[in-house]
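Participant: Okay, sequence plus prediction incoming.
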Amino acid sequence: MLRVGLAGLGAVGLEVARRLEQGIPGLTLAAVSVRDVSKAQSKVAKIGAEIPNVALTELPQHCDVIVEGLPKAPFAEIARATIYAGKVFMPLSVGQLLENWDLIDRAKETGARILVPTGALIGLDAVRAAAEGDIRSVTMITRKPPGGLEGAPYLVQNNISLHGLNEAKKVFDGSAREGARGFPANVNVAAALSLAGIGPDKTRLQIWADPQVTRNTHRIEVDADTASFSMMIENVPSVENPRTGKITALSAVAMLRGLTATLKVGT
Ligand SMILES: NC(=O)C1=CN([C@@H]2O[C@H](COP(=O)(O)OP(=O)(O)OC[C@H]3O[C@@H](n4cnc5c(N)ncnc54)[C@H](OP(=O)(O)O)[C@@H]3O)[C@@H](O)[C@H]2O)C=CC1
Ligand SMILES: O=C([O-])CC(=O)C(=O)O
């Protein structure tokens with residue numbers, strides 16, 4: 001059995017916990033790291049009773065695989081602990097991976113693996129395949145309800161107000177790296193896309209605050225020597241955190257399942 005640990009039990013962590021509790025062949029929920037055990041326990045009864053709640057830095061001692069579903073601030077703590085311990089690290093705060101890039105070299109030394117789920121996005125299988133050839137351009141266009149973008153550092157730093165918006169407004173146009181830095185709770189998907197394709201500096205990103213949309217919408221356009229493709233996903237917001245699409249947690253579950261599956265489909 002592979003022992004899974006969950007760092008954070010919000011929209012991502014709680015759903016992954018529920019699915020593990022229901023049973024996934026070859027995987028067991030071994031430990032969690034949460035701030036409020038009683039809050040977690042009201043949703044997954046075994047937490048704190050049979051499943052230990054431990055400090056973030058201790059989680060890797062109890063587990064083979066860690067799924068990270070934290071805000072930006074504690075990311076580095078769990079990422080470092082997991083990678084230094086040579087375990088499998090599955091981050092959802094992918095933008096923070098770009099900010100802690102030294103961890104890739106450290107993982108090569110310790111034997112750790114960093115597996116990034118497709119998350120709230122689509123089509124990273126095709127982008128990875130195209131990257132084996134020559135990709136000319138990758139562009140992502142994200143549309144979110146203005147409320148979902150409120151408080152983003154880029155908006156604050158540039159005095160961009162979304163108050164009373166009644167038509168779509170482009171609030172960012174730049175590289176995936178700059179976008180992930182300026183909107184750390186909003187476009188981890190752009191960081192993942194960039195890692196699958198041509199990197200965070202060449203991947204272009206537009207972010208629109210759009211009062212007409214109720215779902216977080218991401219469109220990808222890729223031009224490569226092997227194929228040109230465009231794909232769009234409209235994410236249903238999760239109950240625990242409306243900024244996070246429901247499919248994000250399920251993407252991590254699908255990736256976990258793939259760790260032990262006999263038959264695995266997709267690149
Ligand atoms: N890659 C992708 O496609 C996507 C990535 N994301 C990203 O994934 C991450 C998780 O998202 P989501 O689940 O919605 O986030 P939530 O805000 O719903 O949950 C975060 C969880 O982390 C807990 N937490 C905060 N600080 C600590 C700490 N120091 N130790 C332990 N637990 C802590 C919170 O606890 P408490 O409730 O007590 O504060 C909460 O349970 C975010 O960075 C988000 O931006 C989101 C969507 C798509
Ligand atoms: O859920 C989404 O649509 C994407 C998201 O928040 C992120 O990438 O951080």
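Facilitator: Now that the structure is in, tell me what you want to look at. Quick caveat, the model's predicted, so the values are computed rather than measured. Numbering: from 1, shown residues only. Ligands and ions are numbered 1, 2, ... in the order given.
Participant: OK, contacts around Ala81?
Facilitator: 56-60 (CB atoms under 8 Å, 6 or more residues apart in numbering). C-beta here means a position set from N, CA and C on the backbone, and glycine is covered the same way.
Participant: make it 7 Å
Facilitator: Taking CB atoms under 7 Å, 6 or more residues apart in numbering as the criterion, Ala81 is in contact with 56-57, 59-60.
Participant: so which of the residues you listed are also by ligand 1?
Facilitator: Leu56 (CB under 6 Å from any ligand atom).
Participant: Narrow the contacts of Ala81 to those in helices?
Facilitator: 59-60 (DSSP state H).
Participant: Would you mind checking which of the contacts of Ala81 is nearest to Ala168?
Facilitator: Comparing the contacts of Ala81 against Ala168 with CB to CB places Leu56 closest, at 38.8 Å.
Participant: Let me see the ranges of the strands in the protein.
Facilitator: 2-7, 27-33, 65-68, 88-91, 113-114, 135-144, 169-175, 204-209, 216-224, 228-235 (DSSP state E).
Participant: of all those strands, which gets the most neighbours per residue?
Facilitator: Ranked by mean neighbour count, these are led by strand 65-68 with a mean of 27 (mean count of other CB atoms under 10 Å).
Participant: Please enumerate residues in contact with that strand?
Facilitator: 2, 4-8, 13, 16, 59-60, 75, 78-79, 82, 87-93, 252, 256, 259.
Participant: And stretch 100-119, what's buried?
Facilitator: 103, 107, 112, 114, 116-119 (16 or more other CB atoms under 10 Å).
Participant: before we move on, what about stretch 38-55?
Facilitator: Buried residues in stretch 38-55 (16+ other CB under 10 Å): 40-41, 44, 47, 51-54.
Participant: Run the contact check for it versus ligand 1.
Facilitator: No - using CB under 6 Å from any ligand atom, stretch 38-55 stays clear of ligand 1, with a minimum separation of 6.5 Å.
Participant: For this protein, which residues are neighbours of ligand 1?
Facilitator: 8-13, 33-36, 56, 69-71, 74, 92-94, 119-121, 185, 188-189, 192, 240-241, 244, 248.
Participant: If we use 5 Å, what do you get?
Facilitator: 8-12, 33, 35-36, 69-70, 74, 92-94, 119-120, 185, 188-189, 240-241, 244, 248 (CB under 5 Å from any ligand atom).
Participant: Please name the residues that touch Cys19.
Facilitator: To be clear, residue 19 is Arg; Cys isn't right here. Val253.
Participant: gap between the residue nearest to Pro242 when sequence neighbours are not counted and Thr214?
Facilitator: Leaving aside its sequence neighbours, Pro242 sits nearest to Gly148 (CB to CB, 6 or more residues apart in numbering; 6.6 Å). From Gly148 across to Thr214, the span is 10 Å (CB to CB, to the nearest Å).
Participant: More neighbours: which of these two?
Facilitator: Gly148 (23 against 12; other CB atoms under 10 Å).
Participant: Please look at the more buried one and Arg243 and confirm they touch.
Facilitator: Yes - with contact defined as CB atoms under 7 Å, Gly148 reaches Arg243; the gap is 4.9 Å.
Participant: Export the strands of the chain as a markdown table, with columns for mean pLDDT and distance to ligand 2.
Facilitator: Formatted as a markdown table, the strands of the chain follow (pLDDT from 0 to 100; distance: least, CB to the nearest ligand atom, whole Å):
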| stretch | mean pLDDT | distance to ligand 2 |
| --- | --- | --- |
| strand 2-7 | 98 | 16 |
| strand 27-33 | 97 | 20 |
| strand 65-68 | 98 | 13 |
| strand 88-91 | 98 | 11 |
| strand 113-114 | 98 | 17 |
| strand 135-144 | 98 | 7 |
| strand 169-175 | 98 | 13 |
| strand 204-209 | 98 | 11 |
| strand 216-224 | 98 | 3 |
| strand 228-235 | 98 | 4 |
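Participant: any chance of the ones you listed in a markdown table, plus distance to Thr267?
Facilitator: Output for the strands of the chain, formatted as a markdown table (distance: least, CB to CB, whole Å):
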| stretch | distance to Thr267 |
| --- | --- |
| strand 2-7 | 22 |
| strand 27-33 | 22 |
| strand 65-68 | 20 |
| strand 88-91 | 17 |
| strand 113-114 | 16 |
| strand 135-144 | 15 |
| strand 169-175 | 25 |
| strand 204-209 | 23 |
| strand 216-224 | 14 |
| strand 228-235 | 14 |
